[in-house]
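Engineer: This is a predicted model, with the sequence first.
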Amino acid sequence: MPGPLTIHMFPCLFDNYGFLVHSEETGETAAIDTPDGGEIEKQCQEQGWTLTHILNTHHHPDHVGGNAHLIQVCNPVVIGHEKDKARIPGLTRGVNDGEEFEFAGHAIKVIETPGHTIGHIIYHIPSAKAAFVGDTLFVMGCGRLFEGTAAQMHESLSAIAHLPDETQLYCAHEYTLSNGKFALTVEPENADLQAYMEKAKSLREAGIPTVPTTVAQEKLINPFIRAGSSERLGEIRTAKDNF
């Protein structure tokens, strides 16, 4: 059995989170997206780690903006969706839905989750009970439909909801309180949602992240996962866009 993975999370930019996944056994370190190349370099230095991989979820600048800097500094392997090879700087390995690759002896499964963008993918590490979901899912929310459709987002969120309940979902932004305010307009009688909002307010007041969330939790409180149909998800997303 490979040694355990350490997940190091840190805030960067305005409301992004950066993630480093490290194996003490092999010394390999992966950045999930690169919102801020300088901050990722600094975090690696503080931990005493050397960046060996970048795993990009999609092509937006706050997810690939640090690729060029980090490639210059440490020349990592850059993995992203094959169909986004023209939009992800320095891509060295294109992957597709259902593919699996190895990182430090651990299997990482690629799940295509279009909706926010056409080429969005998430990375599921079953051995770590973790999935890095980019901008597909947020606590009590989902990404805006910039390139995809409500039907695609519905299918993408369903794929996440079918992961094991205990899976920790690492979303890329701290949008929880604003998402929660909207979610309560969709499901004002949802007691789980009401209780979680009080907890989230306390966490944020204390400066504590609400990320990661879990599959089990999101199935109780996320109106987009709970929508039941792509038509209903589309209605809720439109309402959120105008909230």
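Structural biologist: Arrived safely. Numbers count the residues shown, from 1 in each chain.
Engineer: ok, then the element right after the host helix or strand of Lys42?
Structural biologist: Per DSSP states H and E, Lys42 falls inside helix 37-47. Using DSSP H and E, the helix or strand that directly follows helix 37-47 along the chain is strand 53-55.
Engineer: List the contacts of the helix holding Lys42.
Structural biologist: Contacts with helix 37-47, where a contact means CB atoms under 8 Å, 6 or more residues apart in numbering, come from 8, 10, 12, 18, 20, 22, 29, 31, 34, 50-51, 65-70, 73-74. C-betas here are computed from N, CA, C, even on glycine.
Engineer: Those in strands, which ones?
Structural biologist: Counting by DSSP state E, the contacts of helix 37-47 place 8, 10, 12, 18, 20, 22, 29, 31 in strands.
Engineer: Just send these back as CSV, with distance to Lys83 too.
Structural biologist: As requested, these are exported to CSV (distance: CB to CB, whole Å):
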residue, distance to Lys83
His8, 30
Phe10, 30
Cys12, 27
Gly18, 25
Leu20, 26
His22, 29
Thr29, 26
Ala31, 21
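Engineer: pLDDT-wise, what's the bottom of those?
Structural biologist: Looking at pLDDT alone, the ones in strands among the contacts of helix 37-47 dip lowest at Cys12, where the score is 94.
Engineer: give me the number of residues near it?
Structural biologist: Residues contacting Cys12 under the criterion other CB atoms under 10 Å number 19.
Engineer: Which residues does it form beta bridges with?
Structural biologist: Beta-bridge pairing of Cys12 under DSSP bridges involves Asn16.
Engineer: Settle this for me: it is touching Thr34, isn't it.
Structural biologist: No - Cys12 is not in contact with Thr34 according to CB atoms under 8 Å; the separation is 9.6 Å.
Engineer: need the longest helix for this structure.
Structural biologist: If you go by DSSP state H, the chain has its longest helix at helix 191-205.
Engineer: so what does that one touch, helix or strand wise?
Structural biologist: Secondary-structure packing of helix 191-205 (3 or more CB pairs under 8 Å, 6 or more residues apart in numbering; DSSP states H and E): helix 176-186, helix 215-221.
Engineer: model confidence over it, on average?
Structural biologist: Averaged across helix 191-205, pLDDT comes to 97.
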